[in-house]
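Q: have a look at this fold, sequence not included:
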């Protein structure tokens, strides 16, 4: 750890920081960390470049692009199993390693290297929603609030002690993509506020309550397949939870049909009073924004935007003009 720096009359400890991250939503964490008083980002670790698409062009991670713009050294090891990778990391003499969606497990040698540990931003209120899909799981469960945890990494899957947490209220309209971005923005602020008091010993990490722990699993494409025996509300949550991937989709005329935007609730149940379409049956609705609905186990799922396999996404009204036989079909 280096000496102090004055910031608005307050002495701030200068820390050598190695940042590890990969996707777009980790970029605000790096940017805010780089601008924080007392934070000296000495290196940025991100996975190796990879071929992209049929042309096999090289794709850089968003974190690498951001680090390059900030003029920060970028390191891209395949893993930390080699002595060369470990010695290279040790040469940066990090006081702390900050991890934000890096996508690689860190071995004990890395966890033990920095004096103030490896700090990870996890988008849930731990110990709830450990694992790879905390944001998706929160939306699927219909919770009214989730949040961000700043935790000290150990060898387990999100099992380390929590240094700080911040709650974030949900309004029921969030997609997983939007909510993930927002939670990492909240996490970036929490990290910047917490670093100096953590290094100064003014914050104590608290062990997680294992009795309250829940664990999420990695998503698969088939998770997005619509099950019409679910309720309209559950399917609407799935559409938001699985956006941007894998989406909510079904089959129509032997092609995949993605339900890009849907709605659920009493405001779409205007098909025929006293009647209810069978699960998977497509019916006409009187709503301008959702002119078609699909029967479910409970309620009608209104359809606003669709995308047929190989075509662009279009408003439901436009889709019906091109495919009038969509109404009355069974998905």
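A: Arrived safely. Worth saying up front: this structure is predicted, and the values here are computed from it rather than measured. Numbering: from 1, shown residues only.
Q: what comes into contact with stretch 283-292?
A: In this structure, residues lying in contact with stretch 283-292 by Cβ atoms under 8 Å, 6 or more residues apart in numbering are 262-263, 267-268, 270-271, 277, 282, 293-295, 300, 302-304, 316-317, 319-320, 326-328. Where C-beta positions appear, they are placed from N, C-alpha and C, glycine not excepted.
Q: got it, and stretch 179-191?
A: By Cβ under 8 Å, 6+ apart, stretch 179-191 touches 24-26, 28-29, 31-33, 98, 100-101, 119, 121, 123, 135, 138-139, 146-148, 150, 164-166, 168, 170, 174.
Q: buried ones only from the contacts of stretch 283-292, please, as a PyMOL command.
A: Selecting the buried subset of the contacts of stretch 283-292 in PyMOL, with 16 or more other Cβ atoms under 10 Å as the burial test, is done by:
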select buried, resi 262+263+268+271+277+282+293+294+295+300+302+303+304+316+319+320+326
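Q: take the contacts of stretch 283-292 and keep only those in strands.
A: With strands defined by DSSP state E, the entries of those inside them are 262-263, 282, 293-295, 300, 302-304.
Q: and those, which two are furthest apart?
A: 295 and 304 (16.8 Å; Cβ to Cβ).
Q: which stretches of the stretch 51-200 of the chain form helices?
A: In the stretch 51-200 of the chain, the segments counted as helices under DSSP state H, counting those that start in this stretch are 62-69, 83-90, 108-111, 134-141, 176-199.
Q: which parts of the second one are buried?
A: Of the residues in helix 83-90, those buried by neighbour count under the rule 16+ other Cβ under 10 Å are 85-86, 89.
Q: could you dump the residues you listed into CSV and include pLDDT and distance to residue 157?
A: As requested, these are exported to CSV (pLDDT from 0 to 100; distance: Cβ to Cβ, whole Å):
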residue, pLDDT, distance to residue 157
85, 95, 22
86, 95, 22
89, 98, 22
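Q: show me which of those is closest to residue 256.
A: Once Cβ to Cβ is applied, the member of these that ends up nearest residue 256 is residue 85, at 41.5 Å.
Q: any idea how far residue 155 is from the closest residue to that closest one other than its chain neighbours?
A: Nearest non-adjacent residue to residue 85, counting by Cβ to Cβ, 6 or more residues apart in numbering: residue 77, 4.2 Å away. Counting by Cβ to Cβ, to the nearest Å, the separation of residue 77 from residue 155 is 19 Å.
Q: can you check residue 300 too?
A: Using Cβ to Cβ, we find residue 300 at a distance of 48 Å from residue 155.
Q: how about residue 110?
A: 11 Å.
Q: ok, now residue 192?
A: 27 Å.
Q: neighbour count winner among the two?
A: residue 192 (17 against 11; other Cβ atoms under 10 Å).
Q: my guess is the residue nearest to residue 85 contacts residue 20. True?
A: No: counting by Cβ atoms under 8 Å, residue 77 does not reach residue 20; the two are 10.4 Å apart.
Q: residue 73 touches residue 41, doesn't it?
A: No: between residue 73 and residue 41 there is no contact under Cβ under 8 Å: 9.1 Å.
Q: tell me which of those two has more neighbours.
A: Ranked by neighbour count (other Cβ under 10 Å), residue 73 and residue 41 place residue 41 first, with 21 against 13.
Q: wouldn't that one be in contact with residue 31 here?
A: No: look at residue 41 against residue 31 with Cβ under 8 Å: they stay out of range, at 10.1 Å.
Q: anything in contact with each of the two?
A: Shared contacts of residue 41 and residue 31, counting by Cβ under 8 Å, 6+ apart, come down to residue 70.
Q: what sits closest to residue 186 if chain neighbours are left out?
A: Residue 186's closest residue in space is residue 148 (Cβ to Cβ, 6+ apart), at 5.0 Å.
Q: that concludes my questions; thank you for your assistance.
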